[in-house]
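>>> Need coordinates for the below:
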Amino acid sequence: MTGVLLLTMTLLHPWTPPSTFDVQTELQGLYDEISQATLQFVTESDVDVFHDVLFTDDWVFIDATGHRQTWPQARERAIQALAEPHPEALTQPIQKLSVAADGVTVLADMKTVRTIVDNEGKYGRKGDSHTLTETTTFRDRWVKVSDKWKMKSREQVKAPTVSVGKTDRAA
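As a prediction, this is how the structure comes out:
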């Protein structure tokens, strides 16, 4: 009898998707938080705590070739990145968002900005400095866990593209 009652109530109150605008606003805030925190990570603990808060336990990364990495595998790369120079800026604007009953799928472009001295002359004269913007498109799956959004997977859609900004003569 309880099952019939629950089924009746479900039919009377079907799932209605949340406002796409509200979801996009909330998730864009999380992307902004992820980007800014990534620029400030110093220790392994920073990486681990952040992952625990914003990513599911079974989170996976899928690269552009289709290779899957679990968090422990991807974590190694995140820890190695702590020893590398941090980019000057990191943003992840949402390009497209689709809401479904089991979560949200987002296409986001991760834009990483770095200034380099071109010692090899790859982007012009040797010794010139250049601002490089690397853009990588990702398809992310988000789910609600205890009323909070968590990223379940990140799939790289294609290889990154690099654009070269203004050239200044290095000192």
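
>>> wait, doesn't Ala37 sit right on Phe50?
Yes: in this structure Ala37 lies within contact range of Phe50 using CB atoms under 8 Å: 5.6 Å. Placement of C-beta: from N, CA and C, glycine included.

>>> shared neighbours of those two, anything?
Counting by CB atoms under 8 Å, 6 or more residues apart in numbering, no residue touches both Ala37 and Phe50.

>>> all strands for this structure, in order.
Per DSSP state E, the chain carries strands over the ranges 55-62, 68-70, 89-91, 94-100, 103-118, 128-145, 148-156, 161-169.

>>> Sheet-wise, list the partners of the first one with their directions.
Yep, that's strand 55-62 we're talking about. Using DSSP bridges, the strands paired with strand 55-62 are strand 68-70 (antiparallel), strand 148-156 (parallel).

>>> Compare the strands of the chain and say which comes out lowest on pLDDT.
Of all these, mean pLDDT reaches its minimum on strand 161-169 (a mean of 74).

>>> still on that earlier bit, among the strands paired with strand 55-62, which is the most enclosed?
strand 148-156 (a mean of 18; mean count of other CB atoms under 10 Å).

>>> Can you tell me how far Val49 is from Phe41?
Going from Val49 to Phe41 by CB to CB, to the nearest Å gives 10 Å.

>>> if we can go back for a sec, tabulate the strands paired with strand 55-62 (a markdown table), appending distance to Gln95.
What follows is those, written out as a markdown table (distance: least, CB to CB, whole Å):
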| stretch | distance to Gln95 |
| --- | --- |
| strand 68-70 | 23 |
| strand 148-156 | 14 |
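
>>> so which of these comes closest to His86?
strand 148-156 (19.9 Å; CB to CB).

>>> How far off centre is the closest one?
Distance of strand 148-156 from the chain centroid (CA atoms, centre = their mean, to the nearest Å) equals 8 Å.

>>> Also stretch 76-88?
15 Å.

>>> would you put the C-alpha positions of the longest helix seen in the chain in CSV?
Using DSSP state H to define each element, the chain has its longest helix at helix 20-40. Provided in CSV are the C-alpha atoms of helix 20-40 (Å, rounded to 0.1, in the frame of the first residue of the first chain):
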residue,chain,number,x,y,z
THR,A,20,19.1,26.5,-15.6
PHE,A,21,20.1,30.0,-14.7
ASP,A,22,20.3,29.2,-11.0
VAL,A,23,22.3,26.1,-11.6
GLN,A,24,24.7,27.8,-14.0
THR,A,25,25.2,30.7,-11.5
GLU,A,26,25.9,28.3,-8.7
LEU,A,27,28.3,26.1,-10.8
GLN,A,28,30.1,29.1,-12.3
GLY,A,29,30.8,30.2,-8.7
LEU,A,30,32.3,26.7,-8.0
TYR,A,31,34.4,26.9,-11.2
ASP,A,32,35.7,30.3,-10.1
GLU,A,33,36.4,28.9,-6.6
ILE,A,34,38.3,25.9,-8.1
SER,A,35,40.3,28.2,-10.4
GLN,A,36,41.4,30.6,-7.7
ALA,A,37,42.1,27.8,-5.2
THR,A,38,44.2,26.0,-7.8
LEU,A,39,46.4,29.1,-8.2
GLN,A,40,47.0,29.1,-4.4
